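Asks: I would like the atomic coordinates for the input below:
(chains A and B)
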Amino acid sequence: MLPLEKSNAGKSRSSQLSDQDQKRYITIPFSNLDSPITFTTAHAAVAADSYYRHQKSLGHSPHYLAGIKDHSRSTQQISRSDVDEMFSRGDAYRNQFQKQMDLLQIHPDKIFRTKSEVHKKTVTDFFRKLITNNDIYTCRVDGLHCTRCHIAISHDPHPTSVPPSQCPDCQGELEPIHEDPYFFRLKKFEKLILRHIQNHSDFIKPQFLKIELENRIKSGLKDVIVSRPTFEYGIPIPGETDQIIAGWFEGLIGYISALADSENNQRFLDYWPAHIQMVQSETVWMHAVAWPAMLLAGEVSLPERIFVTGDWNVDIDSDHPSLPASTSPCEIAEIFGSDSVRYFLLSHVPFGMNAVFQVSEFHKSIQRNLIHDLDGLTQRTLSLTQKVFHGTIPDPEGYDGDPEIRSLGEQLCKDIRENIATLQFSRILDEFGHTVRSLRYLLEENKPWTWPQKGPEGLPARKFFYSLLESLRILAHQIGPFLPTTSARMLTLLGISPESELSPSDEKWGQLEVGKTLPPPSPLFPEFESAKFDTQSSSNNPLRKSS
RNA sequence: GGGCCCAUAGCUCAACGGUUAGAGCACCGGACUCAUAAUCCGUCGGUUCCAGGUUCGAAUCCUGGUGGGCCUACCA
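Replies: Sure thing, here's the model as predicted:
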C-alpha cells in the first residue's frame, strides 16, 4: 500500500494529536550520491537530530528522515551502461554516509534511497495523478541548450521575452533544441501558494526569506519542466520511452514515499504533513514554491514548516593556519569529539544564518564554554565532593534544594522549552552557558572549600553540595538532546546510568540517590586534551596530517 | 534590471520607541590556589555609517544617500 492511495489523507494536526504522543516528521535534504558531508549539511543534520532527540525526551515519537538521491547526474554519466556499478556505488556511499552521521552522533530513523521500488511506484502514481488532473501537460518547445554547463533555458511554452544569446549562468554558447517536455502548471498555483505563505507566518523560516519569496511569487510564476531527455537511470514518465521524470521533482516526492510502509498507510497517516523540513538555501525555490504546488496538485497537505538552513564555509583564518576548504566536520569530530562540533554548529550563529568555520574560533569557543565553564564547574563540584564527602552524594536530610540553585535549573528548563519551538539553538546554548556561569559564580561566592574549618560535613555543606550535584544532573539531562556524549559522561560521573532514556520527569528536583558512591572525576572532553591542538603552529596541527 | 538583508566598542555581536547603549573576546592592572585544562576580580574602551524627518523621547520608526552581503526557478 502506498501513501498516495489515500491521497486526501494528511491529518488535521490539532484534531488528531494529543500532547502525550506527538508524531512529528522531520526531514533534512537528501544527499546527492557521492557528495561529502559538509559543514552546511552537518549543521542541518545536527539541528534536526537535536530537535528529534528533544522531542523524544518529551515522550513523543518523532520520525527523522535522511535520504540519498541515487539518480544523480554523476551516476548517470559514469555508469550509464552498468546498473550494478551504480547500485554498488550507491550502497558504498550509503555506508560512508551512515558512518559520518555516526561520527556526529546523528541518528535518523531512516536513510531513504530514491532507487527503492516504493519510491519509483509512489512517484509514478503521483505523476500519473497530476496528468489525470491536467496539472501536468506536454507541449512542443523550441528551447536553447548551453553547450558548456548543459542547462536548458528558455523553456517556455508561451515565451514573453526575446531568447538570450548567451547562457545567463556561464556565458557559454547556446544551441537550439526541440523537445516535447512535460510541464507542471506551477502558474496555476501562484495565488494559492502566495496566500498560504502569507497566512502561515511559520511556513517559511527564517522570516527574511518569506518576504523575499512573497515578492518573487508576486512577480509571476512560469510553468516548469518536470521531464528530462532519456537517461538510463531515472524514473520513466508513464507511457514514454524516451523521457524520465526530472530529478528534483522525483526527489521531492521522496519525502512522502519514505513514509510508505508495506502493511498499510499508517505511517503516512501518522507523520504527514511534515513538522519541519530543513532545506538548503540553494533549493528554497523548489521547496517553498514548487513543492507546495505539487502537493496542492496531488491533494496532499502541505508541510508545516520549511526551515532554510544557513550555508557554512571553511575559511581562511587571518591569524592562524587555515584549513583546506574541503575539511569535513567529521574530520574535526574524529579529533575533537562529536559534541565539540555539535556545540559549535549549534551555537556559533542563530540557526538559519550563514557562517564561517574558523578553527581558531572553534577552538576558542569550545575552550571557553565547554571546557572552562562546563567542565570546570563539573570538576570543581565533583572533586570537592570527593574531598568533603569521600565521593558519596551527601544527605540533605529532606531539604528541597537551595532556592537560588533550584531556580537556575527551573529557568533553564523553561528557556529551553521556549526556544526549541523556534529552533533557536544558539539561544538555548547561550542560556545553558548562562546557567553554568551562574552556578560557577555561586560556588565562587560561597567558597565551600573554606567551610571544612567550620565543620566539614555539616548539614549546610550537605545541603549546598546536594543542590549543586542535583543541578548538575539537571544540566546533564537538559543538554542531552544537543550534546548527547557530554550528557552521558556527566550522568555517569553523577552515578546515573546514561543508558536510560531522557524523559520529561528528569526536570523534577531531587532525584539523586543519597549515599551513592560516585566514580572518580574524569574530564568531559578528553579528546580535546589528547588532540594537543596548537592553533599557532601548522606543523602541530593534526588537521594537516592528511592534507 | 528587480527584490531582500546588514551597518553599534579594536574584534564578534546584544539592546521589544523609554534609566547612564550592554555582553564576550582582545589589551592592561591586581589578586588567588577548592579546581585534571589553572582560576578570580578590576580598568580601559562609543558622534550607534551620513543627512534630513516623525516624536515629550530615536541605535530602534519614515525618506534620501554611502558602503557591504545575498537571492533572481526548469543540474540533482
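
Asks: just give the nearest non-adjacent residue to whichever residue of the stretch 401-547 of chain A sits closest to RNA strand B, would you?
Replies: Residue nearest to RNA strand B within the stretch 401-547 of chain A: residue A:523 (2.6 Å; CB to the nearest atom of the strand). Using the backbone N, CA and C atoms, a C-beta is placed for each residue, glycine as well. Closest residue to residue A:523 apart from its sequence neighbours, by CB to CB, 6 or more residues apart in numbering: residue A:375 at 6.2 Å.

Asks: try residue A:258
Replies: residue A:112 (4.0 Å).

Asks: quick check, pLDDT for the one you found.
Replies: Model confidence at residue A:112, given as pLDDT, is 93.

Asks: which strands or helices does the host helix or strand of residue A:437 pack on?
Replies: Using DSSP states H and E, residue A:437 sits in helix A:425-446. On a contact count with 3 or more CB pairs under 8 Å, 6 or more residues apart in numbering; DSSP states H and E, helix A:425-446 meets helix A:338-347, helix A:376-389, helix A:403-420, helix A:459-479.

Asks: list the strands paired with the helix or strand just after the first one, with their directions.
Replies: Sequence order places strand A:355-357 as the next helix or strand after helix A:338-347, per DSSP H and E. Strands that pair with strand A:355-357, judged by DSSP bridges, come out as strand A:312-314 (parallel).

Asks: flag every buried residue along the partner strand.
Replies: A:312, A:314 (16 or more other CB atoms under 10 Å).

Asks: mean confidence (pLDDT) on it, please.
Replies: Strand A:312-314 shows a mean pLDDT of 80.

Asks: ok, stretch A:253-271 next?
Replies: 86.

Asks: just the CA trace of it, in PDB.
Replies: These are the backbone C-alpha positions of stretch A:253-271, laid out as PDB (Å, rounded to 0.1, in the frame of the first residue of the first chain):
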ATOM      1  CA  ILE A 253       8.300  13.200  -3.600                       C
ATOM      2  CA  GLY A 254      10.800  11.100  -1.700                       C
ATOM      3  CA  TYR A 255       9.700  12.900   1.500                       C
ATOM      4  CA  ILE A 256       6.400  11.100   1.000                       C
ATOM      5  CA  SER A 257       7.500   7.800  -0.400                       C
ATOM      6  CA  ALA A 258       9.800   7.400   2.500                       C
ATOM      7  CA  LEU A 259       6.700   7.200   4.700                       C
ATOM      8  CA  ALA A 260       5.300   4.300   2.800                       C
ATOM      9  CA  ASP A 261       5.200   1.000   4.600                       C
ATOM     10  CA  SER A 262       4.500  -2.400   3.500                       C
ATOM     11  CA  GLU A 263       1.400  -3.100   5.600                       C
ATOM     12  CA  ASN A 264      -0.800  -0.100   5.200                       C
ATOM     13  CA  ASN A 265      -0.900   3.700   5.100                       C
ATOM     14  CA  GLN A 266      -0.400   4.100   8.800                       C
ATOM     15  CA  ARG A 267       3.000   5.700   8.900                       C
ATOM     16  CA  PHE A 268       2.000   8.300   6.300                       C
ATOM     17  CA  LEU A 269      -1.300   9.000   8.200                       C
ATOM     18  CA  ASP A 270       0.700   9.400  11.400                       C
ATOM     19  CA  TYR A 271       3.500  11.500  10.200                       C
END
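
Asks: next, see if it gets close to RNA strand B.
Replies: No. If you take CB under 7 Å from any atom of the strand as the test, stretch A:253-271 misses RNA strand B, and the best it gets is 10.3 Å.

Asks: buried stuff in the host helix or strand of residue A:100?
Replies: Using DSSP H and E, the element containing residue A:100 is helix A:83-103. Judged by neighbour count (16+ other CB under 10 Å), helix A:83-103 contains these buried residues: A:86, A:87, A:89, A:90, A:93, A:94, A:97, A:100, A:101, A:103.

Asks: also stretch A:31-46?
Replies: Within stretch A:31-46, the residues scored as buried using 16+ other CB under 10 Å are A:31-33, A:37-46.

Asks: report the distance from it to the chain centre.
Replies: 10 Å (CA atoms, centre = their mean, to the nearest Å).

Asks: with stretch A:368-378 instead?
Replies: Worked out by CA atoms, centre = their mean, stretch A:368-378 lies 26 Å from the chain centre.

Asks: and residue A:286, that one's in a helix?
Replies: Yes. Assignment of residue A:286 by DSSP: H, G, I helix; E, B strand; the rest coil places it within a helix.

Asks: quick one: residue A:209 and residue A:307, what's the gap?
Replies: 10 Å (CB to CB, to the nearest Å).

Asks: circling back to that earlier point, need the buried residues of helix A:83-103 in JSON lines (columns: distance to residue A:472).
Replies: Shown next, in JSON lines, are those (distance: CB to CB, whole Å):
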{"residue": "A:86", "distance to residue A:472": "51"}
{"residue": "A:87", "distance to residue A:472": "50"}
{"residue": "A:89", "distance to residue A:472": "47"}
{"residue": "A:90", "distance to residue A:472": "45"}
{"residue": "A:93", "distance to residue A:472": "41"}
{"residue": "A:94", "distance to residue A:472": "39"}
{"residue": "A:97", "distance to residue A:472": "36"}
{"residue": "A:100", "distance to residue A:472": "32"}
{"residue": "A:101", "distance to residue A:472": "29"}
{"residue": "A:103", "distance to residue A:472": "27"}
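
Asks: closest one to residue A:311 out of these, please.
Replies: residue A:100 (18.8 Å; CB to CB).

Asks: and the pLDDT at that closest one?
Replies: 92.

Asks: I figured it hits residue A:35, correct?
Replies: No. With contact defined as CB atoms under 8 Å, residue A:100 does not reach residue A:35; the gap is 11.2 Å.

Asks: OK, contacts around residue A:187?
Replies: By CB atoms under 8 Å, 6 or more residues apart in numbering, the contact list for residue A:187 reads A:220, A:221, A:222, A:223.
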